[in-house]
Structures are given as structure tokens and as C-alpha cells.
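K.L.:
quick one: sequence plus predicted model below, questions after.
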Amino acid sequence: MWGIKLRDHKPLFFLVLVGLVLLGYVVYYSGEKAGVSEEVYSYGGETMGTGYVVKVRGVFSDDILHSFAEDTEEILGSIDEEMSTWREDSVLSRFNRDGGLSWFSVSARMVEMVETASYLTDVTSGAYDVTGGSLYGLWGWEGGGVKRKPSEEEIGDRLGEIGMDKFEFRKDPPSWRKRVEGLRVDLSSIAKGYAVDAVGLMLEGEGVSDYLVEIGGEVRVRGRKSLYEDWRVAVEVPTTGERRINTILRLRDVGMATSGDYRNFFEEGGRRYAHILDPRTGYPVKSRLASVTVIAKTTALADGLATALFAMGEKKARSLAWVMNWPVLLLMHGEEGRFDRWYSPAFESLDLHVTEVQEEEAQR
């Protein structure tokens, strides 16, 4: 109808066809040459008393993947050497043992971590506080102690040693200082998240744009798993003795962390005591909360927030997540062993393509 015959375009058609063939060859060759292909590669190991997994998508040789794995081990090893509460020779353990009130030399990243922790203390009105190490030791949660419910008098004594107002830090030179001799810092609630971020930043520095890093359930993702698929991360059913999926999230360019009472707890006098304590009272909070999942720009921030919100209990956690516009998923103990879900408005606005696994399906 345009007055142009098909035969007039045979040379053009031929050129386009040849161009498409060549383009297909270039794409194929660039992805498949030298025995490598663009796909998801995975490696992992153990760190901080748990396991870790790193997944990267792209075109990588075996040598490059090996260097990623070596750099990851180096990062995780150095963080453990600095911040472990289990190692007597860690920088953190030496600071906690030190009875003086003078400045104590630490790494720049240890200052960065307590700076984040200080922000979390302020924004949660003290529900999160890394200076509560002596309190966790009293309950037996630090350094492999005996799990027990302390007396009110013991807890009262420890509360006087807790508080960011009793602790100082500075960037130049990077140092910490106690204001009371009994103060002990515990970074367990943020260290895994920080380590996840550190590994992710290393990968980004190496030019990796699509990856997933996970340590003990704390996750950082960037980019996508494939051209058409986001990374999928599961939130577990918060029960002991088994691992089942409650919710599946599709994530991109975020950090995620979950805290709960279903892994670390002990029972005494017919009551369960979780390992997450409210540093303002010295006790675990009584509430329906089973787990708290937070999504944030960094995994360290998500890690600390998940701990803080769990320590606050269901009602206060909902209120603060709403006011601060944080993406939060709460799982609460419901009737007949089931779990109720609550999504904050910010969580729902992320368009995560949430898949809710029903209890019957989760038990299969």
C-alpha cells in the first residue's frame, strides 16, 4: 500500500539478516569463549559460628572465582578476629577485659559499627544497645556460658553498666573508651550484617553487579539472578527443630535480616527465655512476636533494626515501623501453632512479589 515492492528491499533484508546472525555470534562467543558462560556461580563456608553462601552472576573464569573466595575468607576472618565474643584474643574481647578508662585502639570499621549502633540506640529509645555485653554474659548468652535466669539483684547491678552514655568512640585515631569499668560491648546483633555488607562491597569493587551474600540468614543482594528474575529469599517458619518456608520475597538492591526466638532460647520454670533482651529492663520482652524481618539499604542496619524491634515486642514494633516508614514483616504466634503475618505499609509498597506459603503446604 506504500507503493514499495518487497523485491526492492531484498538487499536490505539480506543485510539485516546477516547483521542479526553476526550479533548472535558475538553475544554467544563473548559468553561462551574460553569455557566460561554467564551464569550463577556459588561458593561458601563457615564463619561466626554459622554458614555463609555467596552467589555471583556473570562471566567469570575459575581464577577470578577463586580470588573472590579468597578475598571473602580474608574479610570474614579479619572481622571475626576483631569482633568475636567467643575468641579471647579478639580486639573486642581484649577491650571488654580491659579495666581502664583510657582510649583503646580499634579498627576504623569497629568505629563505623558502633556509630551505626549509636544511631539505632537513639531511634529505638534504647531498645537496642551494644553496651549490654555484661547483661548477655549474665544470662549465659555470651562466650558459651550456662543459660539461666538471673536474680533481680544481679540484673539491677548490670543495668548500671549499660548505656551509650557510658561509652565513647572517635574516628581519628579510631578508638573506643569506657566511662564505667564494668561496661562490655557485644556486636553480635550487627556483626553478621556488617560482614555481609563488607563482602558485597568487595564484589562491587571487583565489578560484580549481580550477587547475593548470606551469612546466617542475613542477606545482601544487588542486581538480579537472571535477566528476567530477581533474587528469591525465604523467610522461615519460626519453629525449632525443623526448617520450613513461611514467605518468599523477590529482592533487588537491598539488605535483609531476620531476628527471632526460635533458634536461641532456653526454658526454665515453664517459660521460654529468648536470647534477645531489652537492655532497658534486662529481660526478654513478653509478646506474640516469633520473628522480625527488616529490609534496609544495608544489611548491618537491617540486622540491628530486626534485633531492636524484636526486643520491643509486637505493639511497639508495629508502631515504630509505621512511624519510621521501615519495611518490616512480623510473624506472630497465633492459634493452634499457626503464625499471623503483619506487613508494614513501607514493606507492602516495595512490590516484592511476596509468596505466602500456607501452613499446610509448609509442613509437607
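P.N.:
All right, it came through fine.
K.L.:
okay, CA-based contacts and neighbour counts for the rest of this
P.N.:
OK.
K.L.:
phi and psi next, for the residue most central in space within the chain.
P.N.:
Nearest to the mean C-alpha position of the chain, counting by Cα atoms, centre = their mean, stands residue 218 at 2.8 Å. As for residue 218, its main-chain torsions (degrees, to the nearest 10) stand at phi -90, psi 130.
K.L.:
wait, what's in contact with it?
P.N.:
Residues near residue 218 by Cα atoms under 8 Å, 6 or more residues apart in numbering: 192, 193, 196, 255, 256, 257, 258, 299, 303.
K.L.:
and the average pLDDT for the helix or strand harbouring the first one is what?
P.N.:
Taking DSSP states H and E as the criterion, the element that holds residue 192 is helix 188-205. pLDDT averaged over helix 188-205 equals 97, rounded to a whole number.
K.L.:
check which residues of that helix are buried.
P.N.:
Buried residues in helix 188-205, counted by 16 or more other Cα atoms under 10 Å: 188-200, 203.
K.L.:
then stretch 328-344?
P.N.:
For stretch 328-344, the buried set under the neighbour-count rule, 16+ other Cα under 10 Å, comprises 328, 329, 330, 331, 332, 333, 339, 343, 344.
K.L.:
can you redo these as CSV with distance to residue 183 and pLDDT?
P.N.:
Converted to CSV, the buried residues of stretch 328-344 look like this (distance: Cα to Cα, whole Å; pLDDT from 0 to 100):
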residue, distance to residue 183, pLDDT
328, 31, 97
329, 33, 96
330, 32, 96
331, 33, 93
332, 33, 90
333, 35, 87
339, 38, 87
343, 37, 94
344, 35, 96
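K.L.:
can you redo those as JSON lines with distance to residue 233 and secondary structure?
P.N.:
Shown next, in JSON lines, are the buried residues of stretch 328-344 (distance: Cα to Cα, whole Å; DSSP: H, G, I helix; E, B strand; the rest coil):
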{"residue": "328", "distance to residue 233": "15", "secondary structure": "strand"}
{"residue": "329", "distance to residue 233": "13", "secondary structure": "strand"}
{"residue": "330", "distance to residue 233": "16", "secondary structure": "strand"}
{"residue": "331", "distance to residue 233": "16", "secondary structure": "strand"}
{"residue": "332", "distance to residue 233": "20", "secondary structure": "strand"}
{"residue": "333", "distance to residue 233": "22", "secondary structure": "strand"}
{"residue": "339", "distance to residue 233": "19", "secondary structure": "strand"}
{"residue": "343", "distance to residue 233": "16", "secondary structure": "strand"}
{"residue": "344", "distance to residue 233": "18", "secondary structure": "coil"}
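K.L.:
now for the residues you listed: which two are most distant?
P.N.:
Using Cα to Cα, the two most remote members of the buried residues of stretch 328-344 are 333 and 344, lying 17.5 Å apart.
K.L.:
what's the following helix or strand after the helix or strand bottoming out on mean pLDDT in the chain?
P.N.:
Ranked by mean pLDDT, DSSP states H and E, the weakest helix or strand in the chain is helix 10-32, scoring a mean of 36. Per DSSP H and E, the first helix or strand lying C-terminal to helix 10-32 is strand 39-47.
K.L.:
what helices or strands is that following strand leaning on?
P.N.:
Counting by 3 or more Cα pairs under 8 Å, 6 or more residues apart in numbering; DSSP states H and E, the packing neighbours recorded for strand 39-47 are strand 50-58, helix 62-83.
K.L.:
now stretch 221-231: buried residues?
P.N.:
221, 222, 223, 224, 225, 230, 231.
K.L.:
thinking again about what came up before, excluding chain neighbours, give the residue nearest to the residue nearest to the centre of the chain in space.
P.N.:
residue 257 (4.5 Å; Cα to Cα, 6 or more residues apart in numbering).
K.L.:
any idea which element that neighbour lies in?
P.N.:
Under the criterion of DSSP H and E, residue 257 resides in strand 254-260.
K.L.:
so that strand versus helix 188-205, what angle?
P.N.:
Between the axis of strand 254-260 and that of helix 188-205 there is an angle of 160 degrees, by axes from the mean of the first three to the mean of the last three Cα atoms, to 10 degrees.
K.L.:
per-residue confidence averaged over strand 254-260?
P.N.:
94.
K.L.:
and the contacts of residue 218, which two are furthest apart?
P.N.:
Largest separation among the contacts of residue 218 by Cα to Cα: 196 and 258, giving 13.6 Å.
K.L.:
same list (the helices and strands packed on strand 39-47) but as a markdown table, adding distance to residue 178, mean pLDDT and mean neighbour count.
P.N.:
Shown next, in a markdown table, are the helices and strands packed on strand 39-47 (distance: least, Cα to Cα, whole Å; pLDDT from 0 to 100; neighbours: other Cα atoms under 10 Å):
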| stretch | distance to residue 178 | mean pLDDT | mean neighbour count |
| --- | --- | --- | --- |
| strand 50-58 | 30 | 96 | 19 |
| helix 62-83 | 17 | 97 | 16 |
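K.L.:
just list what the helix holding residue 192 packs against, helices and strands only.
P.N.:
Secondary-structure packing of helix 188-205 (3+ Cα pairs under 8 Å, 6+ apart): helix 62-83, helix 108-123, strand 211-215, strand 218-222, helix 299-312.
K.L.:
and these: which comes nearest residue 179?
P.N.:
Nearest to residue 179, of the helices and strands packed on helix 188-205 and by Cα to Cα, is helix 108-123 at 15.4 Å.
K.L.:
hmm, who's touching that closest one?
P.N.:
Taking Cα under 8 Å, 6+ apart as the rule, helix 108-123 contacts 82-83, 126-130, 164, 169-171, 174-176, 190-191, 194, 301, 304-305, 308.
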